[in-house]
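*Asks:* sharing a sequence plus its predicted fold:
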Amino acid sequence: MNRKKIVAGNWKMNMTIDQSNELINKLSLISVNDVEIKIAPSFINLHKAVSLLINSEIEVVAQNVHSEERGAFTGEVSNEMLKSIGVNSVIIGHSERRKFFNETDDVLSKKVKAAINNSMIVIFCVGEELSERESRNHFELIKTQINSGLSDLNNDEIKNIIIAYEPVWAIGTGMTANTEQIQEMHEFIRGLICEKYGDDISAMIRILYGGSVKPNNAKDIFLLRDVDGGLIGGASLNFYDFQSIVNAANGS
Ligand code: PGA
């Protein structure tokens, strides 16, 4: 199965509107055939990002969404609101949301379900802490995160999920998982999808790696059999780094 690679930039809480516009204007000049490029600016920059990229292949993604449709949830944003400005994809379950905003597997499963019910594409993140890897609980933990986060999805709905494996200890630390660790976890995750949804679906689901992907390691990571691209944090804030990671995905 030939799965098209994805390179997605997660800008986190970075970029003023002027900085965002400047980077987007540069990114819009990148031209590649074989890679889906996505960027996830902060909420405040999303609307403008969509309008700047209207004639481009680059897709704009939200970093978070609430599970309810509307109501008294101060500070939150709904799927309907995102769709109303042309944002049709969202990252759910990033380790920073799990850790700093107490988003549990249960909360995340509601968010995923709500987003999918609204026909959103979801980049669903999973990943273990270093202590969990050291105590050899990492496979079990990822299994729990996948099975609970994606629990209620049927065969059609799962096709709108992109999984991102991001070992927490590799995020923003410059410490990348090695290619063996990455491939074995991606294969394990694909196996979990296969158990529940069968061969055809598991062969088409895209699984991204995230955690200190940089221009100097992207190519080796993207060449791995079960890696379908990357979720890029720090390096997505720099045009040349991001462009070179996109090129690495294009060539692999
Ligand atoms: P990083 O972040 O590339 O800065 O490690 C990745 C992520 O958090 O998605």
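*Replies:* Good, I have the coordinates. Numbers count the residues shown, from 1 in each chain.

*Asks:* for residue 227, give its distance to residue 74.
*Replies:* Counting by Cβ to Cβ, to the nearest Å, the separation of residue 227 from residue 74 is 39 Å. No exception for glycine: its C-beta is placed from N, CA and C like everyone else's.

*Asks:* which one's more surrounded, these two?
*Replies:* residue 227 (25 against 4; other Cβ atoms under 10 Å).

*Asks:* residue contacts, residue 125?
*Replies:* Contacts for residue 125 (Cβ atoms under 8 Å, 6 or more residues apart in numbering) come out as 91-95, 163-166, 210, 231.

*Asks:* swap that for residue 233, please
*Replies:* Here residue 233 is in contact with 9-10, 12, 171-172, 210 (Cβ under 8 Å, 6+ apart).

*Asks:* rerun at 7 Å
*Replies:* 10, 12, 171-172 (Cβ atoms under 7 Å, 6 or more residues apart in numbering).

*Asks:* these two touch, right, residue 150 and residue 161?
*Replies:* Yes - counting by Cβ atoms under 7 Å, residue 161 is a contact partner of residue 150 at 6.3 Å.

*Asks:* need the overlap of contacts for these two.
*Replies:* Each of residue 124 lies in contact with both residue 150 and residue 161 under the rule Cβ under 7 Å, 6+ apart.

*Asks:* so these two - more neighbours on which side?
*Replies:* More neighbours surround residue 150 than the other of residue 150 and residue 161, with 25 against 22 (other Cβ under 10 Å).

*Asks:* just the helices from the stretch 51-200 of the chain, written as ranges.
*Replies:* 79-84, 95-100, 105-117, 130-134, 138-149, 179-197, 199-204 (DSSP state H, counting those that start in this stretch).

*Asks:* centre of the chain to the third one, how far?
*Replies:* The gap between the average C-alpha position of helix 105-117 and the chain average comes to 15 Å, counting by Cα atoms, centre = their mean, to the nearest Å.

*Asks:* now do that helix against helix 138-149, angle only.
*Replies:* 50 degrees (axes from the mean of the first three to the mean of the last three Cα atoms, to 10 degrees).

*Asks:* in helix 105-117, what counts as buried?
*Replies:* Buried residues in helix 105-117, counted by 16 or more other Cβ atoms under 10 Å: 105, 107-116.

*Asks:* now do the longest one
*Replies:* With burial defined by 16+ other Cβ under 10 Å, the residues of helix 179-197 counted as buried are 181-183, 185-186, 188-190, 192-193, 197.

*Asks:* now residue 246: which helix or strand?
*Replies:* helix 239-251 (DSSP states H and E).

*Asks:* hmm, that helix touching the ligand?
*Replies:* No - Helix 239-251 does not reach the ligand (Cβ under 6 Å from any ligand atom); its nearest approach is 9.6 Å.

*Asks:* how about the residues of the stretch 1-150 of the chain near the ligand?
*Replies:* Residues of the stretch 1-150 of the chain lying close to the ligand (Cβ under 6 Å from any ligand atom) are residue 10.

*Asks:* spell out the residue ranges of the strands in the stretch 1-150 of the chain.
*Replies:* 5-10, 35-40, 59-62, 89-92, 121-126 (DSSP state E, counting those that start in this stretch).

*Asks:* in a markdown table: these, plus mean pLDDT and distance to residue 242.
*Replies:* A markdown table is the format used below for these (pLDDT from 0 to 100; distance: least, Cβ to Cβ, whole Å):
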| stretch | mean pLDDT | distance to residue 242 |
| --- | --- | --- |
| strand 5-10 | 98 | 6 |
| strand 35-40 | 98 | 9 |
| strand 59-62 | 98 | 14 |
| strand 89-92 | 98 | 16 |
| strand 121-126 | 98 | 16 |
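
*Asks:* distance to residue 214 added to those strands, as JSON lines?
*Replies:* Output for the strands of the stretch 1-150 of the chain, formatted as JSON lines (distance: least, Cβ to Cβ, whole Å):
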{"stretch": "strand 5-10", "distance to residue 214": "13"}
{"stretch": "strand 35-40", "distance to residue 214": "17"}
{"stretch": "strand 59-62", "distance to residue 214": "21"}
{"stretch": "strand 89-92", "distance to residue 214": "20"}
{"stretch": "strand 121-126", "distance to residue 214": "19"}
